[in-house]
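**Student:** everything below, folded, please.
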Amino acid sequence: MTRGSSLYVEDLSMSFGAHRVLDGLSLRVDPGEAVCLVGPSGAGKTTLLRCLAGLTPPTGGRVRYGEQPLTAPHADIAVVSQDYRGSLLPWLRVWDNVAFPLQGRGMKKAVRRRRALECLEAVGLQDVGEKYPWQLSGGMQQRVAIARGLAYDAPVLLMDEPFGSVDAQARFDLEDLTLQLRRRLGITVVVVTHDIDEAVYLGDRVIVLGGKPTAVLDNLAVPLGDDRDQLTTRADPRFAELRTRVLAQIRGEKVPTGPEAARQ
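**Tutor:** Have a look, this model is predicted:
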């Protein structure tokens, strides 16, 4: 069962001084969807995510959450950054790190602790609550960051290149964890990633950004079903066709079709 409202980006533009980064972007993310944003470096993916989070007001257009203009952080929207080492407080135990943002909600300490431990269990870390972040591997620290995002009980989870700093095996495990949490909790997930394979593996849709200034080049449905796994899904010929199409668009090349796409 899905929760929350749709996210709307309506004719959004963003300029920094005379430099226009985003130009006339429009898109929609419905409750329960997983949408991945890809594009070349400097395309403004993180800027767009910050606008979706209500952290950065656009210079043109608007973002809505349901019928509400999104001009500030919203309790329904949680953010997981790529810098898990910088976002976790090394002097606090793991469960305290997860519970820390809940202090502003006026929860009693016992309630915050219970919620933190529930979220740690959701990401498979039910036994590390008393440890400190520096005692955990990189992949485990990123799981803690995801647990903290879940602790808000937010129906929308925004993730900014969340797995780029961990090794390949940890990355695969975290991708699968994201799919499991999304199915089990009915949450909406928006992921910024530079990894095209990851975008196709995680997303119901892949939105390709590009151009100068950046606009939406493609809004690509990913018909690979909900029951995905690292071996069979990535070996599916449709997976190869989708990743080839996205890569060609990012490079500004002709999109291969038919047998030509299969040879890529």
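**Student:** residue ranges for the helices of the stretch 151-264 of the chain, please.
**Tutor:** Along the stretch 151-264 of the chain, the segments classed as helices by DSSP state H, counting those that start in this stretch run 168-185, 196-202, 232-235, 237-251, 259-262.
**Student:** just those: most buried one?
**Tutor:** Highest mean neighbour count among the helices of the stretch 151-264 of the chain (mean count of other Cβ atoms under 10 Å): helix 196-202, with a mean of 23. Just so you know, the C-beta spots here come from the backbone N, C-alpha and C atoms, and that holds for glycine as well.
**Student:** could you identify which of the helices of the stretch 151-264 of the chain has the lowest mean pLDDT?
**Tutor:** Among the helices of the stretch 151-264 of the chain, helix 259-262 carries the lowest mean pLDDT, at a mean of 49.
**Student:** closest one to R3 among the helices of the stretch 151-264 of the chain?
**Tutor:** helix 168-185 (7.9 Å; Cβ to Cβ).
**Student:** can you pull the contacts of T193?
**Tutor:** 36-38, 161, 163-164, 199, 202 (Cβ atoms under 8 Å, 6 or more residues apart in numbering).
**Student:** any idea how far the nearest residue to it once chain neighbours are set aside is from D76?
**Tutor:** Nearest residue to T193, sequence neighbours excluded (Cβ to Cβ, 6 or more residues apart in numbering): A199, at 5.3 Å. Relative to D76, A199 is positioned 24 Å away (criterion: Cβ to Cβ, to the nearest Å).
**Student:** please apply the same query to H194.
**Tutor:** 27 Å.
**Student:** next one: L120
**Tutor:** 22 Å.
**Student:** name the helices or strands packed onto the strand or helix carrying R62?
**Tutor:** Counting by DSSP states H and E, the element that carries R62 is strand 60-65. Contacts defined by 3 or more Cβ pairs under 8 Å, 6 or more residues apart in numbering; DSSP states H and E place strand 60-65 against strand 7-16, strand 19-29.
**Student:** between the longest one and strand 60-65, how big is the angle?
**Tutor:** If I follow you right, that is strand 19-29. Interaxial angle of strand 19-29 relative to strand 60-65 (axes from the mean of the first three to the mean of the last three Cα atoms, to 10 degrees): 30 degrees.
**Student:** contacts for stretch 3-20?
**Tutor:** The set of residues external to stretch 3-20 that reach it, using Cβ under 8 Å, 6+ apart, is 21-32, 44, 47-48, 51-52, 56, 58-68, 70, 76, 154-156, 185-188, 190, 213.
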